[in-house]
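Colleague: I'll drop the sequence and a predicted model, then ask my questions.
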Amino acid sequence: MDHRPIGVFDSGVGGLTVARELFRRLPQESVLYVGDTARVPYGPRGAEIIHRFALELAEFLLARNVKALVIACNTVSATAADAIRLRSPVPVYDVVAPTVRAAVQATSTGVIGVIGTVSTVQSGIYETLAAQLQPGVRVLVQPCPLFVPIAEENLARHAVARLMADEYLGVFAGSGLDTLILGCTHYPLLRSVIGEAVDAVVGHPVRLVDSAAPTIAALEAGLTAADARSSGPARHRFFVTDASYKFMQVAQTILDRDVSTEVAPLRLSAGGVGWG
């Protein structure tokens, strides 16, 4: 047994889709969640800046004695996971590798689409991992930079969401893909509009694969193998670098409960992030 909390972090609110699956699948585990809401989005930034921001958040959680880290951000997973593992004394779970495995297992046509931030798509990690798992599989990638701000602004049901989905996903017309990876943890917030748009573009139902279920399944397996499961009770805390009403609003939508009493601010400074 290990009753220490699990650290989960993201550039903003998107990682709450992973946290939600963690709460569902491992209800006795406590979670410390960090959302860098003051500096979201990470996707358009350079690799050096993403590394620095990600290490700041990881080190904040490690200083609070977490037993595992979950990088609930595809951009960070694609660009900085190895750097975080080098610094971390506890297991680190990224959201890319488990999701690629799930998509490769799901496809029948051997054609997989990936949508993500610019940094994630440019990393080439999805193509590399898919080829290692199943040589010959085709991976088609498309950056969707406006999806993150649309999700952060809670505009999933606004006409702008469908407009941008049609614009971005039109690239998959005639491709033969049958599986689409939602390569950003914000994108499940737009799942309905993405699904409708891609089905219309390719002309048949497309399986959407997001990172929450495969990532938390990997975490559960790791905790079980290490005899590090908790017996509860679970206590959760949410840390944000900008505790705006938007975080509270979207968090309540994702988690279906009011988290305002569990949210605390993080201070950004030249030395990184800290309590206060």
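Modeller: Sure thing, it's come through. Numbers count the residues shown, from 1 in each chain.
Colleague: contacts made by the helix or strand containing R85 with the rest, please.
Modeller: In the assignment (DSSP states H and E), R85 maps to helix 74-87. Identification of contacts with helix 74-87 by C-beta atoms under 8 Å, 6 or more residues apart in numbering yields 9-11, 42-43, 47, 50-51, 54-55, 58-59, 62, 69, 71, 92, 94-96, 116-117, 119-120, 123, 125, 183-185, 211. C-beta: built from backbone N, CA, C; applies to glycine.
Colleague: contacts only, for M164.
Modeller: C144, L146, F147, I150.
Colleague: hang on, it in a helix?
Modeller: Yes - membership of M164 in a helix is supported by DSSP: H, G, I helix; E, B strand; the rest coil.
Colleague: distance of it from S211?
Modeller: Relative to S211, M164 is positioned 21 Å away (C-beta to C-beta, to the nearest Å).
Colleague: quick one: contacts for the closest residue to L62 other than its chain neighbours?
Modeller: Distances taken as C-beta to C-beta, 6 or more residues apart in numbering place S88 nearest to L62, at 6.3 Å, with adjacent residues excluded. By C-beta under 8 Å, 6+ apart, S88 lies in contact with A58, L62, L69.
Colleague: okay, and which of these map to strands?
Modeller: Residues of the contacts of S88 located in strands (DSSP state E): L69.
Colleague: in TSV, list the contacts of S88 along with neighbour count and distance to P205.
Modeller: Listed next are these as TSV, based on neighbours: other C-beta atoms under 10 Å; distance: C-beta to C-beta, whole Å:
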residue	neighbour count	distance to P205
A58	24	38
L62	17	42
L69	26	35
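Colleague: Q252: neighbour count?
Modeller: 13 (other C-beta atoms under 10 Å).
Colleague: now the residue most central in space within the chain: closest residue in space, sequence neighbours ignored.
Modeller: Geometric centre of the chain, nearest residue: T185, 3.1 Å, by C-alpha atoms, centre = their mean. Spatially, and ignoring its direct neighbours in sequence, T185 is nearest to G14 (3.8 Å; C-beta to C-beta, 6+ apart).
Colleague: same check on S123?
Modeller: Per C-beta to C-beta, 6+ apart, closest to S123 is A78, 4.0 Å.
Colleague: give me the neighbour count for the one you found.
Modeller: For A78, using other C-beta under 10 Å, the count is 26.
Colleague: and it, how far from P265?
Modeller: Relative to P265, A78 is positioned 28 Å away (C-beta to C-beta).
Colleague: quick check: bridge partners of G35?
Modeller: Beta-bridge partners recorded for G35 (DSSP bridges): D10, V240.
Colleague: isn't it up against F247?
Modeller: Yes - using C-beta atoms under 8 Å, G35 is in contact with F247, at 6.5 Å.
Colleague: hey, what's in contact with both of these two?
Modeller: G12, V13, V240.
Colleague: from R85, how far off is the first one?
Modeller: Looking back up the chat, that one is G12. Applying C-beta to C-beta to G12 and R85 gives a distance of 23 Å.
Colleague: of the two, who's got more company?
Modeller: Taking other C-beta under 10 Å, G12 and R85 do not tie; G12 has more neighbours (27 against 15).
Colleague: break the protein into its domains for me.
Modeller: Per automatic domain parsing, the structural domains of the chain span 6-94+212-275, 97-209.
Colleague: worst average pLDDT in those domains?
Modeller: With a mean of 92, domain 6-94+212-275 has the lowest mean pLDDT of the domains of the chain.
Colleague: next one: that one to chain centre, how far?
Modeller: 9 Å (C-alpha atoms, centre = their mean, to the nearest Å).
Colleague: in three-state terms, label I115 for me.
Modeller: From three-state DSSP, the assignment for I115 is strand.
Colleague: residues near it, how many?
Modeller: Here the number of neighbours of I115 (other C-beta under 10 Å) works out to 27.
Colleague: convert the C-alpha atoms of stretch 118-126 to PDB, please.
Modeller: Extracted C-alpha coordinates of stretch 118-126, given in PDB (Å, rounded to 0.1, in the frame of the first residue of the first chain):
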ATOM      1  CA  VAL A 118       1.600  22.400 -33.600                       C
ATOM      2  CA  SER A 119       4.400  21.200 -31.300                       C
ATOM      3  CA  THR A 120       2.800  17.800 -30.900                       C
ATOM      4  CA  VAL A 121       2.300  17.200 -34.600                       C
ATOM      5  CA  GLN A 122       5.800  18.500 -35.500                       C
ATOM      6  CA  SER A 123       7.400  16.100 -33.000                       C
ATOM      7  CA  GLY A 124       6.800  13.100 -35.200                       C
ATOM      8  CA  ILE A 125       6.300  10.900 -32.200                       C
ATOM      9  CA  TYR A 126       3.000   9.400 -33.300                       C
END
